[in-house]
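Trainee: Predicted model and sequence below, questions to follow.
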Amino acid sequence: MEEIKNMLKVMQEEIRQQKVDMQDMKEDIKNTINSNINEKFKCLETKNELLEQKLETQTIKINNLERTIRKKNLLIFGVSEDEKSYWDLEEKVIDIINNVINIKCDSNGIECVRRLGKKGEKVRPIVITLTTMGLKIKIQKNKKKLIPTPYYIKEDFPPEILSKRKELQMEVNKEREQGKLAIIKYDKIVILKNRNQQAEKQIMDKKKRVLSESPETSQSDCENNKDKQPIKINKTNSMDNFLLKKTTLQFPSKKFTSHPHDPRTTQ
């Protein structure tokens with residue numbers, strides 16, 4: 001009986017030890033699995049960050065490229081859609097630029113023209129791609145001449161920029177209500193300075209220039225004074241004058257009276 005009891009105790013101890021070992025194995029397995037998962041997750045995170053950075057750089061490049069492509073573009077609205085060919089549309093655009101906006105333009109100044117969007121009930125705007133930025137700037141400066149006409153001109157912005165400009169318009173209106181000269185430049189708000197502020201800034205700049213230049217001018221004056229030599233007196237002239245004065249002092253002029261026996265008076 002004792003032997004059986006001892007055997008049972010040994011078996012129980014072995015079973016208990018096996019349970020402990022199995023529990024340790026479970027923990028080890030969990031830790032290894034978790035560590036592997038963490039490592040894989042970190043790898044995925046780094047890859048994701050790299051992809052996001054690449055996507056951001058590619059987006060910036062695409063936006064810059066699109067901005068460059070649209071840089072010389074203008075949109076003309078209100079032009080009747082009755083042209084039959086590309087050449088008719090180009091002639092319409094050239095006629096508006098020459099006769100309405102009063103800017104000299106021919107087919108060499110236009111790279112291409114096209115209608116924007118699908119044809120429908122509404123008149124589609126015309127996208128004009130000009131050959132030079134100078135011609136575009138001239139047209140934009142004279143676009144006020146289109147006010148009495150059904151035509152009007154706008155910049156050719158990408159859809160994302162258009163939506164952003166609409167959002168910024170609310171902020172621009174608030175700034176203008178506060179008396180500020182606010183405008184939207186592409187996708188940013190720019191606050192222009194008033195004329196009074198510009199005049200004050202010019203006065204301050206002039207004062208700063210005067211203050212910064214005054215020490216230099218005084219120093220240059222001192223240097224010029226140092227460079228100037230005293231006027232030399234001609235020693236020969238001064239000696240001659242001295243001798244003349246001395247002779248006049250030593251030999252005063254004598255008054256001679258006529259004498260009957262003086263041979264100098266008889267001639």
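Mentor: Cool, got the structure.

Trainee: next SSE after the strand or helix carrying residue 134?
Mentor: Using DSSP states H and E, residue 134 sits within helix 133-141. Sequence-wise, the next helix or strand downstream of helix 133-141 (DSSP H and E) is strand 152-155.

Trainee: pLDDT (mean, whole number) over that next one?
Mentor: Averaged across strand 152-155, the pLDDT comes to 92.

Trainee: Quickly run through the sheet partners of that strand, with directions.
Mentor: The pairing partners recorded for strand 152-155 under DSSP bridges are strand 73-77 (antiparallel).

Trainee: what's the average pLDDT for the strand it pairs with?
Mentor: 94.

Trainee: In it, which residues are buried?
Mentor: 73-76 (16 or more other CB atoms under 10 Å). Using the backbone N, CA and C atoms, a C-beta is placed for each residue, glycine as well.

Trainee: of all those residues, which comes closest to residue 175?
Mentor: residue 75 (26.2 Å; CB to CB).

Trainee: what's the closest of the buried residues of strand 73-77 to residue 135?
Mentor: The nearest member of the buried residues of strand 73-77 to residue 135, counting by CB to CB, is residue 74 at 9.6 Å.

Trainee: what are the phi and psi angles of the residue nearest to that closest one when sequence neighbours are not counted?
Mentor: Using CB to CB, 6 or more residues apart in numbering and skipping the chain neighbours, the partner closest in space to residue 74 is residue 128 (4.9 Å). Here is the backbone geometry of residue 128 (degrees, to the nearest 10): phi -110, psi 130.

Trainee: what about residue 128, distance to residue 146?
Mentor: 14 Å (CB to CB, to the nearest Å).
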